[in-house]
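Engineer: can you look at this prediction? I've put the sequence above it.
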Amino acid sequence: MENKELERDKTITREVHRLFWRAMFYTPRYFIPTLIFYIPAFFVMNVFIPLQIAYGIQAIITRNFDNVGHYVWLVLCLTVIGQAIYSFATWAFNRNGIYGGTYVQRALFNNYLSKDYEFFSSTYIGALGSQAARIRDAFTDYNRFAMFEFPRNAVILVASLIVLAYNSLTLALITVICMLMTLSVTLIFSKYRLKYRRLVATASGEVAGVLGDALSHGSAVKNFANEKYENQRLNVPMKKWERAQLKSWDLFLPQNAIRNIMMSITMVLLLVVSANLYRNGEISIAIITLVQLYVIRLIVVTIDVADMVKEYELIMSTAYQAVATTLTPVKVLDPVKPKHLVRKHTYNLEFENVTYCYPEASKGTKAVNNFNLLVNVGQKIGLVGYSGGGKTTITKLLLRFMDADIGSIKIDGINIKKLTQEELRRTIAYVPQDPLLFHRSIKENIAYAEPDASQKTIVKASKTAYVDEFIFELPNGYKSMVGERGVKLSGGQRQRVAIARALIKDAPILVLDEATSSLDSQSELYIQKALWDLMKGRTAIVIAHRLSTIQRMDRIVVMDKGKISQIGTHSELLSDEKGIYSRLWSHQSGGYIPTA
């Protein structure tokens, strides 16, 4: 089990690096100048200039004052040149980071959208939003780490060691040994700290998920006066985050203490050895000054490397959970070589031995069991039955939110698994039982099926669905924002908007899942007329608890425990007094079917 977890960590880490490097190469016109010009700039500013300063000091010590002015002018010229190169490289670097960050965020967003229905029904959506927002900042830091911090410190490290070794091999060896020991301490602590960093990232995602879940359902929280309860639910991931963060931070205490002690030992050791070498006449004061200049730079590099390791941990922990989510397998896939439907006004539907069991259901419990139904071109089929009978599952299988375990569903003889999901869903206009609206304007929500729809088309659909009855009562008419999930509208108003959206889509197949359940009786009469106009000449499947909605259907299918119990017209089904449909009809109160 531990080996599997370790292998999973390695896989995710590789994917993070792969994603970030793709992002860095996303705009080569900025990546290449950054790569080419930063290193010369670092050499000029961190190697050549200090070297000239050291030579100038040496000239002063040896009283060779004629050369001091030469070194001063050289330092000034190198500063101007180095700064010019550095500024151009930074200009390219900034753009590479910005566009790369956008690429990463869009890649994550597109990956999340490519997931199937099961993914969205079992994942904290608030956590996904948090991950997508934070990974851009993680990439920005990674880009700076890879393109700026690492090259700069590598240049300083290599060049400084070469200068030290050239002037005093003994002092260079002491410096290298002390630096390696210090870096070893940093890496050892980093190995243990990375685990807690990932726990911090996971807990942060859980906190975002709980917050998003509670805040997006704020009205329900208020309705049940459950503010304290939601705070208690938040305590669990918050405590997990606190524990992981504290353990991560606490590990810095011994690391920093050991690092600082090692730095002091290095400086003292170099001072003692330098004094001994000077006394023996092996080095001059000028060389000691030069060595001190570069040793101080190397100490700064060592501290920077420790900070880089810390930053790397933060980057990886932030990106880890987001990239791990992208690796969630997708069960509903498009075919490699898809087939295409011949464009028609409508199609027929055929369900052959369709059986489906939800993954979380108890063994042997089937949501749909051996479902067989042929819906001819232009037929209107009603689906009725007690709650939990499998009606909505049929619509989800038709839309390929999930795939049947056994059997097949065909449109005009083509198995829907042979179609791309995009073509399949563009062929079907679906109005769900609980229509979800975007936190956008009413106009945008109505036109969502066809974003380029004209204002005339939107207004026509609104009138047909009786949206115009309430739309002009809103402060900004069609531009009025509906709130998250359409919270500013009533249930009936949301359903009218959803019906208007289906009208605009004008698809060959229509699926209505309790499309009129939230409407009052008067509005239902109007909407039913609109729906019958919409269904005219189209194949339609209509789920209804309110039986008045489906009396005029060509056939009514009665489902019970995932199976077809009865099938026929309204009058035919009523003639069977012992059948489920007759019982439902006789037990109706106000047009609704009671629960079983």
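Structural biologist: In hand now; what should we look at?
Engineer: CA only for contacts and neighbour counts going forward, please
Structural biologist: Noted.
Engineer: what ranges does the stretch 101-250 of the chain have for its strands?
Structural biologist: Per DSSP state E, counting those that start in this stretch, the stretch 101-250 of the chain carries no strands over any range.
Engineer: where does it dip in pLDDT?
Structural biologist: Along the stretch 101-250 of the chain, the model assigns pLDDT under 70 to residues 124, 126, 194, 205, 212-213, 215-226.
Engineer: for Tyr358, helix, strand, or coil?
Structural biologist: Secondary structure for Tyr358, judged by DSSP: H, G, I helix; E, B strand; the rest coil, is coil.
Engineer: just give the closest residue to it, not the sequence neighbours.
Structural biologist: Spatial nearest neighbour of Tyr358, chain neighbours left out: Ala367 (6.8 Å); criterion: Cα to Cα, 6 or more residues apart in numbering.
Engineer: ok, that neighbour - how many residues close by?
Structural biologist: Residues near Ala367, counting by other Cα atoms under 10 Å, number 21.
Engineer: CA-only coordinates of stretch 254-270 in CSV, if you can.
Structural biologist: The C-alpha trace of stretch 254-270 is given here as CSV (Å, rounded to 0.1, in the frame of the first residue of the first chain):
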residue,chain,number,x,y,z
PRO,A,254,15.8,23.2,13.9
GLN,A,255,16.7,23.6,10.3
ASN,A,256,17.3,27.3,10.6
ALA,A,257,19.2,26.9,13.8
ILE,A,258,21.5,24.3,12.3
ARG,A,259,22.0,26.4,9.2
ASN,A,260,22.9,29.5,11.1
ILE,A,261,25.3,27.6,13.3
MET,A,262,26.9,26.1,10.2
MET,A,263,27.2,29.6,8.6
SER,A,264,28.9,31.0,11.7
ILE,A,265,31.3,28.0,11.8
THR,A,266,32.2,28.6,8.2
MET,A,267,33.0,32.2,8.7
VAL,A,268,35.1,31.5,11.8
LEU,A,269,36.9,28.7,10.2
LEU,A,270,37.7,30.7,7.1
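Engineer: buried ones in stretch 433-442?
Structural biologist: Gln433, Pro435, Leu436, Leu437, Phe438, His439, Arg440, Ser441, Ile442 (16 or more other Cα atoms under 10 Å).
Engineer: how far off centre is that stretch?
Structural biologist: Its chain's average C-alpha position is 21 Å from that of stretch 433-442, according to Cα atoms, centre = their mean, to the nearest Å.
Engineer: and if you look at stretch 453-460?
Structural biologist: With Cα atoms, centre = their mean, you get 33 Å for stretch 453-460.
Engineer: by contact count, what packs against the longest helix along the chain?
Structural biologist: As assigned by DSSP state H, the longest helix anywhere in the chain is helix 169-216. Here helix 169-216 touches helix 125-144, helix 150-167, helix 227-250, helix 252-279, helix 285-326, going by 3 or more Cα pairs under 8 Å, 6 or more residues apart in numbering; DSSP states H and E.
Engineer: by how many degrees do the shortest one and helix 125-144 diverge?
Structural biologist: I take that to be helix 150-167. In terms of direction (axes from the mean of the first three to the mean of the last three Cα atoms, to 10 degrees), helix 150-167 departs from helix 125-144 by 30 degrees.
Engineer: which positions in helix 150-167 come out as buried?
Structural biologist: 150-153, 155-157, 159-161, 163-164, 167.
Engineer: again with the third one
Structural biologist: Under the neighbour-count criterion of 16+ other Cα under 10 Å, helix 227-250 has Glu230, Leu234, Pro237, Met238, Lys240, Trp241, Ala244, Gln245, Lys247, Ser248 buried.
Engineer: return the member of those residues nearest to Ile394.
Structural biologist: Nearest to Ile394 among the buried residues of helix 227-250 is Glu230, at 34.8 Å by Cα to Cα.
Engineer: can you tell me how far Ser87 is from Tyr71?
Structural biologist: Distance, Ser87 to Tyr71, using Cα to Cα, to the nearest Å: 24 Å.
Engineer: between those two, which has more neighbouring residues?
Structural biologist: Taking other Cα under 10 Å, Ser87 and Tyr71 do not tie; Tyr71 has more neighbours (20 against 15).
Engineer: next one: the strand or helix carrying that one to chain centre, how far?
Structural biologist: Per DSSP states H and E: Tyr71 is located in helix 68-113. Offset of helix 68-113 from its chain centre (Cα atoms, centre = their mean): 28 Å.
Engineer: next: stretch 416-432.
Structural biologist: 24 Å.
Engineer: measure it end to end?
Structural biologist: End-to-end distance for stretch 416-432, by Cα to Cα: 20 Å.
Engineer: which other residues reach it?
Structural biologist: Applying Cα atoms under 8 Å, 6 or more residues apart in numbering, the set of residues contacting stretch 416-432 from outside is 334-335, 337-340, 398-400, 408-410, 498-499, 502, 505-515.
Engineer: and those residues, which of them are in helices?
Structural biologist: Cross-referencing the contacts of stretch 416-432 against helices under DSSP H gives Leu398, Ala498, Ile499, Ala502, Lys505.
Engineer: not counting sequence-adjacent ones, nearest residue to the spatially most central residue of the chain?
Structural biologist: With distances taken as Cα atoms, centre = their mean, Ala132 lies nearest the centre of the chain, 4.0 Å away. Closest residue in space to Ala132, ignoring its immediate chain neighbours: Gln105 at 5.8 Å, by Cα to Cα, 6+ apart.
Engineer: was I right to think that neighbour contacts Gln131?
Structural biologist: No. Using Cα atoms under 8 Å, Gln105 makes no contact with Gln131, being 9.1 Å away.
Engineer: more neighbours, those two?
Structural biologist: Ranked by neighbour count (other Cα under 10 Å), Gln105 and Gln131 place Gln131 first, with 25 against 21.
Engineer: got the contact list for that one?
Structural biologist: Residues near Gln131 by Cα under 8 Å, 6+ apart: Gly205, Thr318, Ala319, Gln321, Ala322.
Engineer: tell me how far it lies from Pro254.
Structural biologist: Distance of Gln131 to Pro254, given as Cα to Cα: 31 Å.
Engineer: and what of Asn153?
Structural biologist: 24 Å.
Engineer: Gly388 - nearest residue in space that isn't next to it in sequence?
Structural biologist: Lys561 (7.0 Å).
Engineer: so the one you found sits right up against Ala367, yeah?
Structural biologist: Yes. The pair Lys561 / Ala367 is scored as a contact, 6.9 Å apart, by Cα under 8 Å.
Engineer: mind listing the shared neighbours of the two?
Structural biologist: Jointly contacting Lys561 and Ala367 under the rule Cα under 8 Å, 6+ apart are Gly388, Gly389, Gly390.
Engineer: hmm, which of these are the buried ones?
Structural biologist: When these are checked for burial by 16+ other Cα under 10 Å, the buried set is Gly388, Gly389, Gly390.
Engineer: pretty sure the first one contacts Met559?
Structural biologist: No. If you go by Cα under 8 Å, Gly388 and Met559 don't touch, sitting 9.4 Å apart.
Engineer: pLDDT value on Gly407, please?
Structural biologist: Gly407 carries a pLDDT value of 92.
Engineer: how far away is it from Leu398?
Structural biologist: Separation of Gly407 from Leu398 (Cα to Cα): 12 Å.
Engineer: ok, these two, which is more surrounded?
Structural biologist: A direct count of neighbours by other Cα under 10 Å for Gly407 and Leu398 places Leu398 higher, at 24 against 16.
Engineer: circling back: so of the contacts of stretch 416-432, which ones are in strands?
Structural biologist: Among those, DSSP state E puts Ser408, Ile409, Lys410, Ile509, Leu510, Val511, Leu512, Asp513 in strands.
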